[in-house]
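Asker: Fold the following, please.
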Amino acid sequence: MTIQSNSTLFPALFISHGSPMMAIEESATKTFLSNLSNTLPTPKAIVVFSAHFDVDDDVVVTSGDNPATIHDYYGFPEALYALNYSAPGSPKLAQKVVGLLSEGGIKSRLDANRGWDHGVWIPMKLIFSKANIPIVQISINSQLGPEAHYRLGQCLRVLREQDVLIVGSGGISHNLRELFTKRPDPDRAKKVNLFTEWVCKNLQMGNIKNLLNYVDDAPYSLFNHPTPEHLLPLFCILGSCTDSEFIKRIHQSVESEVLALDAYLSD
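Answerer: Numbering: from 1, shown residues only. This is a model prediction of the structure:
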């Protein structure tokens, strides 16, 4: 069954993209992403905010006709470096994005040479394997807080009236230091669970104020996100949603006790 969107708005989506190994190794999250297009309406275009396009300056919008696949990771199997994703870009949509951000008082610029990082092309390759839907990527800025990213989403909400899928690609928890430590926190699974369930509860209840203040309000917020870049795309998605929309969790999994890979969809 296809997930029905709001009467006028295309769904908005947040996904946790996990390790690049997801592209070549089987996992619950890979299976979920590989089947996701079967339950979504087909978008005319996709706009993606990724944790790995973090720019401490004006917002950058990819505007190339055929953005390159960036292999922005190190020390992985050669098979990962051989993968590419050939979906087209959309200079026209990129220009529209810049215009909408300008109307919202947000400075941005086009970049026709920037390719897509793995937070974009790996999940998009799994979800839309035919690579036939145009994609535009928009930078985040981890020097700014949740509210700035919420405003980014608000500026682009109108795109959802034009059958554009807005995607946030990050992670509901992301503590790589804890993942690779030789002295793991004995309570780390509990800390991840308490945080992710707090996020889920507040998303489903529409408690935007609480979510925007997650650093102070959420349990173990800095343990789950020592740096904010993997959660900031979630606020872009929240900003693109209306007050009447329900945000539902459509996938839940945890890898190695500390990488929560939840996904959420507006409804």
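Asker: so where's the stretch 151-267 of the chain uncertain?
Answerer: The stretch 151-267 of the chain contains no residues with pLDDT under 70.
Asker: Helix, strand or coil: sort out residue 110 for me.
Answerer: Here residue 110 takes the strand state, with states given by DSSP: H, G, I helix; E, B strand; the rest coil.
Asker: which ones are touching it?
Answerer: 60, 61, 62, 63, 91, 94, 95, 98 (CB atoms under 8 Å, 6 or more residues apart in numbering). Where you see a C-beta, it was placed from the backbone N, CA and C, and this is true even at glycine.
Asker: Angles on the backbone of the second one, please.
Answerer: Here the main-chain torsion angles of residue 61 (degrees, to the nearest 10) amount to phi -120, psi 120.
Asker: how about the strands of the stretch 1-150 of the chain, start to end?
Answerer: Counting by DSSP state E, counting those that start in this stretch, one finds strands in the stretch 1-150 of the chain at the ranges 12-16, 45-54, 59-62, 108-111, 135-140.
Asker: In a markdown table, list these along with mean pLDDT and distance to residue 27.
Answerer: Converted to a markdown table, the strands of the stretch 1-150 of the chain look like this (pLDDT from 0 to 100; distance: least, CB to CB, whole Å):
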| stretch | mean pLDDT | distance to residue 27 |
| --- | --- | --- |
| strand 12-16 | 98 | 11 |
| strand 45-54 | 98 | 19 |
| strand 59-62 | 98 | 28 |
| strand 108-111 | 98 | 32 |
| strand 135-140 | 98 | 23 |
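Asker: ok, back up a step: by neighbour count, which of the contacts of residue 110 wins?
Answerer: Sorting those by how many neighbours each has (other CB atoms under 10 Å) puts residue 62 first, at 27 neighbours.
Asker: which residues does that one bridge with?
Answerer: residue 111 (DSSP bridges).
Asker: give the contact list for it.
Answerer: Shown in contact with residue 62 (CB under 8 Å, 6+ apart): 89, 94, 110, 111, 112, 114, 115, 116, 135, 136, 137, 138.
Asker: Recalculate using a threshold of 6 Å.
Answerer: Applying CB atoms under 6 Å, 6 or more residues apart in numbering, one finds that residue 62 lies in contact with 111, 114, 136, 137.
Asker: between those residues, which is nearest residue 16?
Answerer: Proximity of those to residue 16 (CB to CB) peaks at residue 137, which lies at 17.3 Å.
Asker: For the protein, which segments are assigned as helices?
Answerer: Using DSSP state H, the helices of the chain run over 28-36, 78-81, 91-103, 118-127, 146-156, 176-180, 188-205, 208-212, 214-217, 221-224, 232-239.
Asker: I'd like the ones you listed as TSV, with distance to residue 262 appended.
Answerer: Compiled in TSV, those are given as follows (distance: least, CB to CB, whole Å):
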stretch	distance to residue 262
helix 28-36	9
helix 78-81	24
helix 91-103	27
helix 118-127	14
helix 146-156	17
helix 176-180	17
helix 188-205	6
helix 208-212	14
helix 214-217	14
helix 221-224	12
helix 232-239	10
